[in-house]
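Engineer: Provided below for reference: sequence and predicted model.
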Amino acid sequence: LRALVRMGVAVDRIRLAAPTGRAANRMSESIRSAIHSIETPSDQDLRLGVLEGMTLHRLLKYRGGSVPFRYHRYNPIPSDLIVIDEVSMVDVCLMADLISAVKPGTRLILLGDKDQLPSVEAGAVLGNLIPGLTQTCLSPDGKKKVELLLNEPIATPATQAETKAVDRVVLLDTSYRSEASILDLANRINAGDLDSVQDIEGHKLRSDGSRIDWPDSKSGGFRWIDASGQTPSDWMAVLDSWIDHHFLKSEGGVRPFLGLIGKPIHSGVETESPEGSRLKALFEWLERSRILCLVRRGPYGVEWVNRHVSAKMKEATGHWGRSDLYPGLPILILQNDLSHNLFNGDVGVLLRSPDGTLRGWFQQGSNFLSHPVSSLPHFEPAYAITVHKSQGSEYDRVLFALPDDAEHVLLSREMVYTGLTRAKSLAVLYGTPECLKRAIERRIERDSGRDLWGG
């Protein structure tokens, strides 16, 4: 972005978007963090800090009806540069809507991991865009331009191959997002390396009955809990230990998380106010850890896990009423709601207002918005989410549960790869070696309906 702005692209003509609200927010956060890391940022650099990521539906101005988007082929997006992150999540129909809404002359940059799960809906767009590529494809002239821009030589060899990927696709060969042992296992699983099943034995977590010795998240890396011979009750004990460690742990006799959710909060909050700072700290806390499941039902599924964890947290927060809703409950929006500017996949939290009612709070860019619980679209607890729903997000710590059925249709290397790579510092995999082996042996096959690069 810095280079393109220096080439004349106006900041107010740049659009950032991603399939989910969380992924869109992370684009904004990443840009601001990168700007703050620059020792002497220029005025051009600082202007990039005002860019706010948005969902693809917001970018296209979703409105429903027979023509669902305001922007389309005959009314294109007013932008000179569009950057889309987490493209592996985008289905072929939404990608077609996006491309048709890009006006001639606009630069379109697509970012993503082709080895992640394809979209829930039709197609595997990113995988079809760059099939079989193992390194960046640069022409001799393209390589010279990149070296001139970087002011140093690059190791990538120039290619004489005639393919549409030349000078259009850049593959990153080093990832700095996840701890090394997490990435190593994820890459081996993605490559179909069955020896990785035996190697995880050296990463077992120590436990004493129901107490698990959770490692420090900053140096935790990959850890394994062997579920062989365990029952749903054993899994319940693991969940209780996880919640105690990540939400209810005392510091100096005080439970910090309970302090963040205990006091009522007014509906109109200034970002820089004490209440705004409390909301920021609360959202940061909630995004530090997540339980991931492949399935929705059964003891290792999202619905069961959320019921168990929610009941434990409700008791810990001192709420004994019949309602399943209480202050501090993280929620996941399950359907689009234009009237509230909320979309499927947005994550919020319930908090008490001064009048005693519950409101759902959501972070959109640097701002916080709230709505009465009664007016929210359909939602569910978000202590645990499916791997599909986790795409576009990243967490410091992840507890990832495999189903107990080794023949489950959702077990695949893409599922396990995607779940593990949501973790930045600590990834704890709960399951049997047999289930992991079957996942590695199975690969998802998809086709978006056309060879987009023509070879």
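Structural biologist: Looks like it arrived, so ask away.
Engineer: secondary structure class for the residue nearest to Leu51 when sequence neighbours are not counted?
Structural biologist: Among residues not flanking Leu51 along the chain, Leu16 sits closest, at 5.6 Å (C-beta to C-beta, 6 or more residues apart in numbering). Heads up, the C-betas are built off the backbone N, CA and C, glycines and all. Of the three states, Leu16 takes strand under DSSP: H, G, I helix; E, B strand; the rest coil.
Engineer: quick one: Leu16 and Ala23 touch, right?
Structural biologist: No - Leu16 is beyond contact range of Ala23, at 10.2 Å (criterion: C-beta atoms under 8 Å).
Engineer: Tyr417 is in contact with Phe400, correct?
Structural biologist: No - if you go by C-beta under 8 Å, Phe400 and Tyr417 don't touch, sitting 11.1 Å apart.
Engineer: could you give the mean pLDDT of the helix or strand hosting Ala427?
Structural biologist: Using DSSP states H and E, Ala427 sits within strand 423-431. Per-region confidence: strand 423-431 scores 94 on mean pLDDT.
Engineer: so what's the residue nearest the centre of the chain up against?
Structural biologist: What sits nearest the mean C-alpha location of the chain, by C-alpha atoms, centre = their mean, is Ser393, with 1.3 Å. Applying C-beta atoms under 8 Å, 6 or more residues apart in numbering to Ser393 gives the contacts 20, 22-23, 26, 287, 290, 422.
Engineer: now do 7 Å
Structural biologist: 22-23, 422 (C-beta atoms under 7 Å, 6 or more residues apart in numbering).
Engineer: what separates Glu303 from Ile200, distance-wise?
Structural biologist: As judged by C-beta to C-beta, to the nearest Å, Glu303 and Ile200 stand 28 Å apart.
Engineer: those two: which has the busier surroundings?
Structural biologist: Under the criterion of other C-beta atoms under 10 Å, the comparison of Glu303 against Ile200 puts Ile200 first, with 19 against 15.
Engineer: looking at this, the more buried one is in a strand?
Structural biologist: No - counting by three-state DSSP, Ile200 is not found in a strand; it is helix.
Engineer: ok, which stretches of the stretch 201-350 of the chain are helices?
Structural biologist: 232-246, 256-262, 274-286, 302-316 (DSSP state H, counting those that start in this stretch).
Engineer: reformat those as a markdown table; add distance to Arg211 and mean pLDDT.
Structural biologist: Compiled in a markdown table, the helices of the stretch 201-350 of the chain are given as follows (distance: least, C-beta to C-beta, whole Å; pLDDT from 0 to 100):
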| stretch | distance to Arg211 | mean pLDDT |
| --- | --- | --- |
| helix 232-246 | 6 | 93 |
| helix 256-262 | 20 | 90 |
| helix 274-286 | 23 | 91 |
| helix 302-316 | 16 | 95 |
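Engineer: which among those is found nearest to Leu46?
Structural biologist: helix 274-286 (21.0 Å; C-beta to C-beta).
Engineer: just the buried residues of the closest one, please?
Structural biologist: Residues of helix 274-286 classed as buried: 275-276, 278-279, 282-283, 285-286 (neighbour count, 16 or more other C-beta atoms under 10 Å).
Engineer: give me the contacts around that helix.
Structural biologist: By C-beta under 7 Å, 6+ apart, helix 274-286 touches 257, 260-261, 265-266, 269-270, 330, 349, 361, 363, 368.
Engineer: looking at those residues, which is nearest Pro381?
Structural biologist: Using C-beta to C-beta, the contacts of helix 274-286 come closest to Pro381 at Pro330, 6.7 Å.
Engineer: ok, that closest one touching Glu380?
Structural biologist: No - using C-beta atoms under 7 Å, Pro330 is not in contact with Glu380; the gap is 10.0 Å.
Engineer: of these two, who's got more company?
Structural biologist: Using other C-beta under 10 Å, the more surrounded residue of Pro330 and Glu380 is Pro330, with 24 against 17.
Engineer: mind checking pLDDT for the nearest residue to that one once chain neighbours are set aside?
Structural biologist: Nearest residue to Pro330, sequence neighbours excluded (C-beta to C-beta, 6+ apart): Ala382, at 4.1 Å. Ala382 carries a pLDDT score of 96 in this model.
Engineer: contact partners for Ala382?
Structural biologist: Contacts of Ala382 by C-beta under 7 Å, 6+ apart are 330-332, 347.
Engineer: are any of the residues you listed buried, and if so which?
Structural biologist: 330-332, 347.
Engineer: mind checking how far Arg352 is from Pro327?
Structural biologist: For Arg352 relative to Pro327 (C-beta to C-beta), the value is 5 Å.
Engineer: anything in contact with each of those two?
Structural biologist: With C-beta under 7 Å, 6+ apart, Arg352 and Pro327 have common neighbours Leu358.
Engineer: between these two, which is the more surrounded one?
Structural biologist: Pro327 (22 against 18).
Engineer: quick check: that one touching Ser353?
Structural biologist: No - using C-beta under 7 Å, Pro327 is not in contact with Ser353, being 9.8 Å away.
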